[in-house]
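Predicted structure and sequence below. I'll ask about it afterward.
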Amino acid sequence: MSVNNYPRKPKRMTSFQMACLVALWGFLVYIVLLKNSRIDGLLVFMIIVSAVLVGLPIYRELKRRREEGK
């Protein structure tokens with residue numbers, strides 16, 4: 001059994017995948033805001049953290065695409 005020690009390249013996201021990810025995140029945030037009776041600090045913090053977790057990979061992919069285009 002051979003072991004491949006080369007670092008794997010991350011799989012690229014297509015524009016469709018990025019759009020679906022953002023749309024799903026937006027829909028889930030909408031549901032959370034709709035179902036909660038009040039908006040407090042913890043809810044705002046959760047939405048900000050989830051936005052970073054969703055947005056960071058998309059930002060990195062768009063940045064990589066922009067750098068390759070130069």
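Received it, and whenever you're ready, just let me know what you need. Residues are numbered from 1 along each chain as shown.

And for Ile31, the neighbour number?
Residues lying near Ile31 (other CB atoms under 10 Å) number 10. For every residue, glycine as well, the C-beta is placed using N, CA and C.

counting contacts, what elements does the lengthiest helix in the chain pack onto?
Ranked by residue count and defined by DSSP state H, the top helix of the chain is helix 41-69. If contacts are counted by 3 or more CB pairs under 8 Å, 6 or more residues apart in numbering; DSSP states H and E, helix 41-69 sits against helix 15-35.

hmm, back to that, what are the buried residues along the longest helix of the chain?
By 16 or more other CB atoms under 10 Å, the buried positions in helix 41-69 come out as Ile47, Val54, Ile58, Glu61.

and it with helix 15-35, angle?
Computed by axes from the mean of the first three to the mean of the last three CA atoms, to 10 degrees, the angle separating helix 41-69 from helix 15-35 equals 170 degrees.

Nearest residue to the middle of this structure?
Nearest to the geometric centre of the chain sits Val54, at 1.9 Å (CA atoms, centre = their mean).

Please verify my assumption that it contacts Leu21.
Yes: with contact defined as CB atoms under 8 Å, Val54 and Leu21 form a contacting pair (6.1 Å).

Where in this protein is the helix or strand with the lowest mean pLDDT?
Across the helices and strands of the chain, mean confidence by mean pLDDT, DSSP states H and E is lowest for helix 41-69: a mean of 94.

now the longest helix of the chain, how far from the centre of its chain.
Put simply, helix 41-69 sits 5 Å off its chain's centre (CA atoms, centre = their mean, to the nearest Å).

What of stretch 4-16?
16 Å.

which residues are contacting it?
Stretch 4-16 is contacted from outside by Leu21, Pro57, Ile58, Glu61, Arg64, using CB atoms under 8 Å, 6 or more residues apart in numbering.

Between those, which sits nearest Val29?
Of all the contacts of stretch 4-16, Val29 sits closest to Leu21, with 12.6 Å by CB to CB.

Please tell me how far that closest one sits from Arg65.
For Leu21, the distance to Arg65 equals 16 Å [CB to CB, to the nearest Å].
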